[in-house]
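Asks: A structural model of the following input is requested.
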Amino acid sequence: MSNFLQLISLIVIILFTAKLAGYLSTRIGQPSVFGELLAGVLLGPSLLNLTGLSFISDTHILEIISELGEIGVMLLMFLAGLELNLKDMAKNTKVAALAGVLGVVVPVGMGFLFGELLGMDFNHSMFLGLSLGATSVSISAQVLIELKLIRSRVGLGLLGAAIFDDVLVILLLSSFIALLSTSGGAASILLVIGKMLLFFGLSVVVGLWVLPRVTRFVHKLPISQGVTTQAIVVLFLFGIASELIGGMAAITGAFLAGLMFGRTPEKSLIEGNLHSISYAFFVPIFFISIGLSVDLHSIDMSSIWIIAAISVIAVVGKIVGSGAGALMAKFNPKEALQLGIGMISRGEVGLIIAKIGLDEGYLTNETFSSVIAMILITTVITPPLLRWSFTEKKKKPTDMVPSDSNPNQESA
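Replies: Below is the predicted model of the structure:
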């Protein structure tokens, strides 16, 4: 069988399994993403070892699936940004900043102290803490979209906090690496900050002044799906710029691109066209690919208690840190808990930090495997916990988009 036939055969299995698992998950009252994540684990080397089947001989096929999944998460975050309104986001700047910053500082600090208690050196402990700081809200965003709560006060605060979270974690990582080097020092840190500010500045200029005019022009041209194609091109360009210019994750750029397109009259057209292809193909592959990348057999049984401890720190650190930030922003206790739960899931940035720590010799294989297991655990438990936290709140119309200053005021 050719490599191409192997690839499409694998995609058929993945899509069928993802949709079936998602359906079964909704039948038991859980979001579809919960079933898709578990299906990925079952299809991976932990049980069925899908890529090890007799007809699969292409050793690079899992890399292709993973890359398709990365496109899926970029589309997912673009759609999450597309559903939001910049005015709504501005009303929640306070909670985004407080929950985002405290949601990083608390788990990073707890992880660092845990490493010190285990007798790790400073660098090892610091990388362990940093790997616990990064939030991946793509899964929480998917749950909130399913619950039609992405524009709720908690939803807006969560997505805003994720931006602060991403920026702060990358800044801490870059600063720490710069401090470890013998040259650069403060200059390297200032360069990191400058690159981030440059990216956000360019994003605002392009998004607020250039993009609306170009979109109107493209919409008038006799080009089939011209605006939708433009949206895809722009979200990828924002993702590229986010990594190359800002030094941040590509999903941050995709989310910002969605925010900018959300201001255009063509928003509904773009959303309708991209939603279909995203949720029919790319997004399910993303959630399945998370499970495919995990091999539970590689985890030493003697490390189970470390995995459990790190996972507890990851969960408690985010709920306490982000929840405290939400309370300081005058969210009520239930909303603070919901936002804290939404920040639990770890993902791409955490994986990147752990991989850097392993490659640079600052994390041992045992600690690295424990961090990977923690990321899987937090990814799997977040959807049902988030859905549970909204069980009663979803019924209340007062949940929708008031400002920071008045938690009981509804948005017009």
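Asks: alpha carbons only for contacts and neighbour counts from here, please
Replies: Will do.
Asks: nearest residue to the middle of the protein?
Replies: By Cα atoms, centre = their mean, the chain has its centre lying nearest to S136, at 2.7 Å.
Asks: quick one: contacts for it?
Replies: Going by Cα atoms under 8 Å, 6 or more residues apart in numbering, S136 touches A162, M343, S345, R346, G347, E348, V349.
Asks: can you pull the buried residues of stretch 234-249?
Replies: By 16 or more other Cα atoms under 10 Å, the buried positions in stretch 234-249 come out as 234-236, 238-243, 245-249.
Asks: Serialize the contacts of S136 to TSV and add fields for neighbour count.
Replies: Shown next, in TSV, are these (neighbours: other Cα atoms under 10 Å):
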residue	neighbour count
A162	27
M343	36
S345	28
R346	29
G347	21
E348	19
V349	22
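Asks: how distant is the helix or strand hosting I163 from the center of its chain?
Replies: If you go by DSSP states H and E, I163 is part of helix 153-180. Helix 153-180 has its C-alpha centroid displaced from the chain centroid by 12 Å (Cα atoms, centre = their mean, to the nearest Å).
Asks: now it: buried residues?
Replies: Buried positions in helix 153-180, judged by neighbour count with 16+ other Cα under 10 Å: 153-178.
Asks: next: stretch 382-395.
Replies: Using 16+ other Cα under 10 Å as the test for burial, stretch 382-395 gives T382, P383, L386, R387, S389, F390, K394.
Asks: excluding residues flanking it in the chain, which one is nearest the fifth one?
Replies: Distance criterion Cα to Cα, 6 or more residues apart in numbering; nearest residue to S389, sequence neighbours excluded, is Q338 at 5.8 Å.
Asks: my guess is that neighbour contacts L386. True?
Replies: Yes. Using Cα atoms under 8 Å, Q338 is in contact with L386, at 6.6 Å.
Asks: any common contacting residues for these two?
Replies: By Cα under 8 Å, 6+ apart, no residue touches both Q338 and L386.
Asks: now stretch 239-255: mean pLDDT?
Replies: Stretch 239-255 shows a mean pLDDT of 87.
Asks: now swap in stretch 80-91 and tell me
Replies: 74.
Asks: tell me the span between the first and last residue of that stretch.
Replies: Chord length of stretch 80-91, first to last residue, is 17 Å (Cα to Cα, to the nearest Å).
Asks: separation between P265 and F34?
Replies: The separation that P265 has from F34, given Cα to Cα, amounts to 34 Å.
Asks: of these two, who's got more company?
Replies: When P265 and F34 are compared for neighbours, F34 comes out ahead with 23 against 12, by other Cα atoms under 10 Å.
Asks: what helix or strand is the more buried one on?
Replies: Element membership for F34 (DSSP H and E) is helix 32-43.
Asks: quick check: of the contacts of S136, which lies closest to I306?
Replies: R346 (17.1 Å; Cα to Cα).
Asks: contact partners of stretch 63-79?
Replies: Residues outside stretch 63-79 that contact it (Cα under 8 Å, 6+ apart) are 11, 138, 141-142, 235-236, 239, 250-252, 254-259, 271, 274-275, 278, 281-287, 289.
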